[in-house]
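**Student:** sequence below, structure please.
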Amino acid sequence: MTKTISAAANPALANNLIKDALAEKPVQKETEVITPLDTVVTLPCGYLTPEGDVITEAEVKELTGKDEEAISRATTTGKALLTTLNRGVVRIGNKKATEELLDQLLTGDRDFLLLAILRVTFGKTVSSSAFCNTCNEFKDATIDLDKDIKIKVMTDPIQERVFTIQGKSQEITAQLPNGKAQKELINNSDKTTSELNSILLENTVMKIGNSPVVSKLQVQSLGILDRRKLVDEINNRIAGPKFEDLKVNCPDCESEVQVPINLGNLFRI
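**Tutor:** Below you'll find the model as predicted:
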């Protein structure tokens, strides 16, 4: 049986009930708030302007289906990453990120920007696969881009670009590789390691003794020991992301499994 209240019979009670009903706040369902990842990043090396200033701010964007189509047309992993970089970077400082400008960035900054593009496109964590020798099969692994990949930052972004080593008979001055050197290496990925080292050194060695380097013949004429010392020194000095294999425990057998980390694997190219 429903009990009704007559407003005419008890106007004070009716008014109070109406006030209470109006005062009740509607129940709202909790909604998940998705915060977009920051597209503005700080470069670990920085763009060195012709005026001698170092610009470390850059902006990247999320890759779209149109970008994916362009990347899928690349014939090698290296070329796919070049396409990703050119399409995913918006600006360096207040300058539009043209291919010419990106070519002037050190390789550490270019790799860092690719990692930033990966992050804003797929999120902070990405999945990969690793082979467990005990289980004799591939297992899924999760990589935290913020925690599992260390970033080396230059402390002096001007002075650290150029270095000098003592060769067997003379000093050799070199600079860290930029995008131009990286592109030439990628476009010659079918060459031998020794040939690739010659390409790298041609693009980085500035002076042998008192002689400026103007041709590949000069770095080809260096002794093998000096060449290897230069290549090792370049690799040790490069700033940016450090792609080292991640060690995790297999979820099934608890054996230690190594997860290979590189940009090609992370982008699944």
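**Student:** below-threshold pLDDT in the protein: ranges please.
**Tutor:** Applying pLDDT under 70 to the chain flags the ranges 1-36.
**Student:** residue closest to the middle of the protein?
**Tutor:** residue 115 (1.7 Å; C-alpha atoms, centre = their mean).
**Student:** who's in contact with it?
**Tutor:** Counting by C-beta atoms under 8 Å, 6 or more residues apart in numbering, residue 115 touches 145, 149, 241, 263, 266. Bear in mind the C-beta positions are built from the backbone N, C-alpha and C, glycine included.
**Student:** for it, phi and psi?
**Tutor:** When read as degrees, to the nearest 10, the backbone of residue 115 gives phi -60, psi -40.
**Student:** sorry, back to before: which of the contacts of residue 115 sit farthest apart?
**Tutor:** The largest separation in the contacts of residue 115, counting by C-beta to C-beta, is between 145 and 263 at 11.4 Å.
**Student:** please enumerate the shared neighbours of the two.
**Tutor:** 115, 118.
**Student:** just give the closest residue to residue 180, not the sequence neighbours.
**Tutor:** residue 103 (4.8 Å; C-beta to C-beta, 6 or more residues apart in numbering).
**Student:** the one you found and residue 178 touch, don't they?
**Tutor:** Yes - taking contacts as C-beta atoms under 8 Å, residue 103 lies within contact range of residue 178: 6.6 Å.
**Student:** in terms of neighbours, single out the busier of the two.
**Tutor:** residue 178 (22 against 15; other C-beta atoms under 10 Å).
**Student:** kindly provide the distance from the more buried one to residue 204.
**Tutor:** 9 Å (C-beta to C-beta, to the nearest Å).
**Student:** now do residue 247
**Tutor:** 32 Å.
**Student:** of those two, who's got more company?
**Tutor:** Taking other C-beta under 10 Å, residue 247 and residue 204 do not tie; residue 204 has more neighbours (22 against 10).
**Student:** and the gap between the more buried one and residue 220?
**Tutor:** Note on residue 204: its distance to residue 220, by C-beta to C-beta, is 14 Å.
**Student:** you'd agree residue 63 is in a helix?
**Tutor:** No - according to DSSP: H, G, I helix; E, B strand; the rest coil, residue 63 belongs to no helix; its state is coil.
**Student:** which residue packs closest to it, ignoring adjacent ones?
**Tutor:** Distance criterion C-beta to C-beta, 6+ apart; nearest residue to residue 63, sequence neighbours excluded, is residue 121 at 4.6 Å.
**Student:** tell me which helix or strand the one you found sits in.
**Tutor:** helix 107-122 (DSSP states H and E).
**Student:** where do the helices of the stretch 51-200 of the chain begin and end?
**Tutor:** For the stretch 51-200 of the chain, applying DSSP state H, counting those that start in this stretch gives helices covering 65-72, 77-88, 99-103, 107-122, 179-187, 193-204.
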